[in-house]
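> model the structure of this input:
(2 chains)
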Amino acid sequence: MKMQRRDFIKLLSSSTTFGLAYGYGLFSRLPGISGSEALAKQLEDVSLRPVEEKWLPSICRQCAGGCGVLVRVYGERAVKLDGNPLHPINGGRLCARGQAGLQLLYNPDRIATPLARAGNRGEGKWKPVSWDEALGTVGEKLKALRKQGRPHELAMLTGAQRGLERTVSERFMAAYGSPNLVRYEPDRSLGMNPALNLMQGQAAGFTYDIENAAHILSFNSALLEDHWSPVQLFRAYGNFRRGRKENRGKLVHAEPRLSVTGAKADEWIPIKPGSEGILAMGIASILIVEKRYDENFVTERCFGFDDWTDESGTLRPGFRTLVIQEYPMDRVVKLTGVPRDIIIRTAREFARVQPALAIGNDGPGVRHQGIYNRMAIHALNALVGNIQKPGGVLANARPADLSLPPVSRDRVADQGLSRPRLDGAGAERYAVASDVPASVTDNLLEKKPYPIEILMLNGANPLYESLHFERLVKALKQIPTIVSFSPFHDETTQWADLVLPDTTYLEKWQLDTTYTLKGHPVVNLSRPVLKAPFDGRDTNEVLLAVAASMGKPVANAFPSTRIEDLAKLSLQPLSKGGSGEPFGAPMEELWTRLLEQSGWKVRTEVDFEKLWADLLERGGWWDPVYYRWEWRRALATPSGRFEFYSLGARDYFAKLTGMERDMALQKTPRLVNLQQADAACLPAASRARAGGNETLYALEVNPYFIPILSGITHTNQPWLQDVTGFHVYQNWHTWVEIHPETAHQVGVHNGDWVFVESPGGRVKARVRTYEGAMPHVINLPVGLGHTSGGRWTAGIGENVLKLLQARQEPFTGQEQFKPARARLIKT
Amino acid sequence: MAKWGMVIDLDKCTACQACVIACQAENNIPNSDPEAARTGRNIHWMEMLPMVEEEYPHLRMRLMPRPCMHCEKPPCIKVCPVNATQISSEGIVGQINARCIGCRYCTTACPYTVKYFNWFKPKWPEVMEHQLNPDVQVRYIGVVEKCTFCHHRLQKGRDLARYEGRELGPDDYMPACVQTCPADAMYFGDLDNPKSSVAILSKSKRAFHLLEDLGTHPKVTYLSEGV
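Prediction:
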């Protein structure tokens, strides 16, 4: 790959250059042309005095993808974002959300100053206060609570934080003495990991090498719509299709609706909502019966394929028995609605064209594929032996350890930390879960295990995401003090007593580890590029300041009061001379790889200040060398093999006692022939029955996440809102996609406004007949319907989550959506 | 003299709309709102066109990014009474705002509907004016606007080349949509240069043009999906 001209220009201009303003036609400068103040202002700006123009590196954080951006800073303002050509994740490209980042920075609805509640809770009346006053109030409240020996009664709900941000929150809470740091949104980059962990062991995460795959079988994966790192996925997809001389990659996609991924796929298989796991088992049964699986891999590297005897001498069923006994073809056909010949053809093709990947739902935008269905889908990858191969499933390489020295704690902190967590994570039923947001509402309401005195909202907006809206509001009302750090007036912030507005990502420091789709660890470093005209402060700096104001021992949480110093401290290990290097041009990368793989790379310590300057200029650090043969890393299970029968799951259930065990087992799928204890450890795919009377609610609901809003917390961005439903020409409201035939049957027409009613609730939507909808299944977009948060998002559309009900997943405790039934009522 | 053209490979395109938003950001296109969208008066120089063919369950949906086609024989310039829209010697169909009288003949004449009339006074909340691109003029109420292939970038590229004392190279000039395309599905360059990627790709057997039978000779070529 040669370095392109455009890359070169950007490199050139990252060092300061002087630019002149161009592009103004001669006529536009003539006086007397009026019409827009913006134009008039612009004309003022155009005087031919030189304006300093720079391209500064930063990290895009509209979603969790971790792309590097270059910000075009013209004088004092940011005027454009583009990809950082040196960045290994996006290589100079940016997606729609990344391009819209400036609408977040310069958003007129950002909270301009700290606010204190002036009216009743939830009324939305505020009075501005100074930062000193606001920080004083928070500091005093925290001090008082700690003095009373109740530090555990502080809780902090965070968004999908990572990296330095996470470190700051963790250290603050640890030094203060509260175990209640709850991640309310799952880290999107984890994707299918919880399922993969059961079969391949705990690792630094897994990835799919899409670029080198020859065949992809997607089980409602929303690959092109809701992936955790869209730009690198798109890049890989382009290469998957046309990057190789011959051998164009083929994509087969099973989903209830014709989505963007379905439209781009070579074949779209309409499938009943929630039955993807069963289709995977149908395909597995063809592979097994026709002996089309990779026998070598299955015998050498897998466990639990055939029946096996445990320590007590009992015969345990293996994967083959599960598939043959539980998923006869007739049942698969009936449950999935996919014709037999299509299943057989798909299975044969999957086995024939290698390397082939089976991918389940990777983005938690709409969470419906439970852990067992995901295991069933992942089992196909092992059946064709596509683990740790080019174009296969890869375990991420371990990154350098960037953690800071542990926090020194006093007795109060130790006592507080020894208390059980608010969400129950880490104990009993949720022994393997790190955060259980689903139990927060109930526990807050019932004051279990103790009441919460102060709640901090740091990047989380539980009221929008929660499926128990009213109960959560009730719970919030019971909490004496709520502090929100949101830069926007989102739903939950409405219930706060104090708002300390955060800045957006271009205005603050961050250090964050993420991965490429080939398993290379990437460390992103970004610094404040500029400041928007709002009096917001980086929440991390606020936490540092609060800790400092509380004096020792809480102040000891941070070795410095500047966030920049923390970043520097964390990065120290990188200068010690391990593998990896700052981002560089593609040529440098190849060179490093060559040297390292042939054993010629000399690892020397480098001067830290030089490294730091390099990292700031290039945007970060990565390790371009990946070893596929490290099986111990890829298969870190109790048996050291790929486990069709998860011994990790068995251990987990074995450790539970009595009631807890029964309750956990109840959440696992029920099978016809096999025992519950075995079903709980095998990829027992199932399709939950949709709640609701079938005659009254004749239609099945299939919620899907709006691609353009996927991963975004603050959706008050008009560019994005204008293209939400481009595939059906809908925007700025909620629509319901319905098959024309079904529309005729239920008596609605294109363009009608209807209420979609499920046993759980109702939303107003516009009917859009769509050939790409399955008969009797209606599709509704998730991501709209905020009740506050800014002029381009509040009151736009409806929150479709209202229609759904939740069930809790065993192991992770994540909330999962149950299929719902609904009917349409004309307005 | 160069002849600028674009190739869009629909097999690589993921319909992610990065090009759509990059265009809005680069060209100071006014914000939309529900009212503008309802009446079809929102402006998108680059837009994603969905086309559904055949019937369930064997239907196909084609999603096509649609910029201005920069036709060699543009129907829009023939109807303009004041010469406000013209084709340059390098094949770029431009719009001169100061001449435009807002008659909207060209918006009707264009078979691709890529010409947009400014029905509203373009307005940005004060703080959002910070992000306006200094290289591109904001338009005013009552004039027509359209995709310019980011012509201001050509001017800049040419100036840089002149400053460095060399010819304009093949990668000196690239519209914002092409630059950002994550899947690398868009190509841009000189169609008259037989070695350029656009010249080679536009002769591919997958190549087709939108509404080519109208005789407009579009300079945007699509490459169809599939082998």
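> check which residues of the lengthiest helix in chain B are buried.
The longest helix of chain B (DSSP state H) is helix B:151-163. The neighbour-count check on helix B:151-163 (16 or more other CB atoms under 10 Å in any protein chain shown) flags B:151-154, B:156-157, B:160 as buried. For every residue, glycine as well, the C-beta is placed using N, CA and C.
> again, but for stretch A:806-822
Result for stretch A:806-822 [16+ other CB under 10 Å]: buried residues A:806, A:809-822.
> any idea how far apart the tips of that stretch sit?
16 Å (CA to CA, to the nearest Å).
> middle-most residue in chain B, spatially?
Using CA atoms, centre = their mean, the residue of chain B that lies closest to the mean C-alpha position is B:Pro67, 3.2 Å off.
> start and end of stretch A:245-261, how far apart?
One end of stretch A:245-261 to the other measures 24 Å (CA to CA).
> what residue ranges in chain B score low on pLDDT?
Across chain B, nothing is flagged by pLDDT under 70.
> thinking again about what came up before, and the buried residues of helix B:151-163 as JSON lines, adding distance to A:Ile342?
Listed next are the buried residues of helix B:151-163 as JSON lines, based on distance: CB to CB, whole Å:
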{"residue": "B:His151", "distance to A:Ile342": "50"}
{"residue": "B:His152", "distance to A:Ile342": "51"}
{"residue": "B:Arg153", "distance to A:Ile342": "48"}
{"residue": "B:Leu154", "distance to A:Ile342": "50"}
{"residue": "B:Lys156", "distance to A:Ile342": "53"}
{"residue": "B:Gly157", "distance to A:Ile342": "51"}
{"residue": "B:Leu160", "distance to A:Ile342": "55"}
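> going by distance to chain A, which of those residues wins?
B:His152 (3.6 Å; CB to the nearest CB).
> farthest-apart pair in the buried residues of stretch A:806-822, please.
Greatest spatial distance in these: A:Phe811 and A:Ala822, 29.8 Å, computed using CB to CB.
> can you classify the residue located most distally from the centre of chain B as helix, strand or coil?
Of all residues in chain B, B:Pro57 has its C-alpha farthest from the mean position, at 33.7 Å, by CA atoms, centre = their mean. Look at B:Pro57: counting by DSSP: H, G, I helix; E, B strand; the rest coil, its state is coil.
> what residue in the stretch 501-650 of chain A comes nearest to chain B?
Of all residues in the stretch 501-650 of chain A, the one sitting closest to chain B is A:Pro533 (6.1 Å; CB to the nearest CB).
> wait, that residue touches B:Met128, no?
No: counting by CB atoms under 8 Å, A:Pro533 stays clear of B:Met128, with 11.1 Å between them.
> the two: which is more packed in?
A count of neighbours by other CB atoms under 10 Å in any protein chain shown puts B:Met128 above the other of A:Pro533 and B:Met128, at 18 against 12.
> list the contacts of that one.
A:103, A:106-108, B:31 (CB atoms under 8 Å, 6 or more residues apart in numbering or on different chains).
> quick one: it from A:Ile708, how far?
Plainly put, B:Met128 is 19 Å away from A:Ile708 if you go by CB to CB, to the nearest Å.
> quick one on the thing from earlier: can you list the buried residues of helix B:151-163 in CSV and add distance to chain A?
Shown next, in CSV, are these (distance: CB to the nearest CB, whole Å):
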residue, distance to chain A
B:His151, 8
B:His152, 4
B:Arg153, 9
B:Leu154, 10
B:Lys156, 6
B:Gly157, 8
B:Leu160, 7
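> returning to what we had before: out of the buried residues of stretch A:806-822, list just those in strands.
Secondary structure defined by DSSP state E assigns A:806, A:815-818, A:820-822 of these to strands.
> which one of those is nearest A:Phe303?
Of all those, A:Gln816 has the smallest distance to A:Phe303: 27.2 Å, by CB to CB.
> mind listing the helices for the stretch 201-350 of chain A?
Here the stretch 201-350 of chain A has its helices, by DSSP state H, counting those that start in this stretch, at A:230-242, A:260-264, A:276-289, A:295-301, A:319-326, A:329-336, A:340-352.
> can you show me the CA trace of the fifth one as CSV?
Right, the one you point to is helix A:319-326. Only the C-alpha atoms of helix A:319-326 are listed here, as CSV (Å, rounded to 0.1, in the frame of the first residue of the first chain):
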residue,chain,number,x,y,z
PHE,A,319,-22.5,-31.6,21.3
ARG,A,320,-23.3,-34.3,18.8
THR,A,321,-26.0,-35.8,21.1
LEU,A,322,-27.4,-32.4,21.8
VAL,A,323,-27.7,-31.6,18.1
ILE,A,324,-29.1,-34.9,17.0
GLN,A,325,-31.6,-35.4,19.9
GLU,A,326,-32.8,-31.9,20.4
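> quick one: list the elements packing against it.
The helices and strands touching helix A:319-326, judged by 3 or more CB pairs under 8 Å, 6 or more residues apart in numbering or on different chains; DSSP states H and E, are helix A:276-289.
> swap in the last one?
Of the remaining helices and strands, those touching helix A:340-352 by 3+ CB pairs under 8 Å, 6+ apart are strand A:215-219, strand A:250-254, helix A:276-289, helix A:329-336.
> report the angle between it and strand A:215-219.
Interaxial angle, helix A:340-352 versus strand A:215-219 (axes from the mean of the first three to the mean of the last three CA atoms, to 10 degrees): 130 degrees.
> what's near enough to touch residue 111?
Chain wasn't specified; assuming chain A. Shown in contact with A:Ile111 (CB under 8 Å, 6+ apart): A:486-489, A:499, A:501, A:534, A:536.
> actually chain B
Each residue near B:Pro111 by CB under 8 Å, 6+ apart is listed here: B:75, B:211, B:214, B:216.
> next, count neighbours for the third one.
Each residue near B:Leu214 was counted by other CB under 10 Å, and the total is 14.
> now swap in A:Ala649 and tell me
Neighbour number of A:Ala649 under other CB under 10 Å is 23.
> quick one: it and A:Phe811 touch, right?
Yes: when contacts are counted by CB under 8 Å, A:Ala649 is listed as touching A:Phe811 (7.5 Å).
> find residues that contact each of those two.
Common contacts of A:Ala649 and A:Phe811, defined by CB under 8 Å, 6+ apart, comprise A:Leu198.
> what about A:Thr309, how many residues nearby?
9.
> ok, A:Glu741 next?
14.
> could you do A:Lys291 as well?
Using other CB under 10 Å, A:Lys291 has 8 neighbouring residues.
> gap between it and A:Leu322?
From A:Lys291 over to A:Leu322 the distance is 17 Å, taken as CB to CB.
> got it, and A:Arg235?
Taking CB to CB, one finds A:Arg235 at 37 Å from A:Leu322.
> so what's the spatially closest residue to B:Thr113 that is not a sequence neighbour up against?
Distances taken as CB to CB, 6 or more residues apart in numbering or on different chains place B:Thr107 nearest to B:Thr113, at 7.4 Å, with adjacent residues excluded. By CB under 8 Å, 6+ apart, the residues touching B:Thr107 are B:113, B:115-117, B:144.
> just the buried members of those?
For these, buried by 16+ other CB under 10 Å: B:115-117, B:144.
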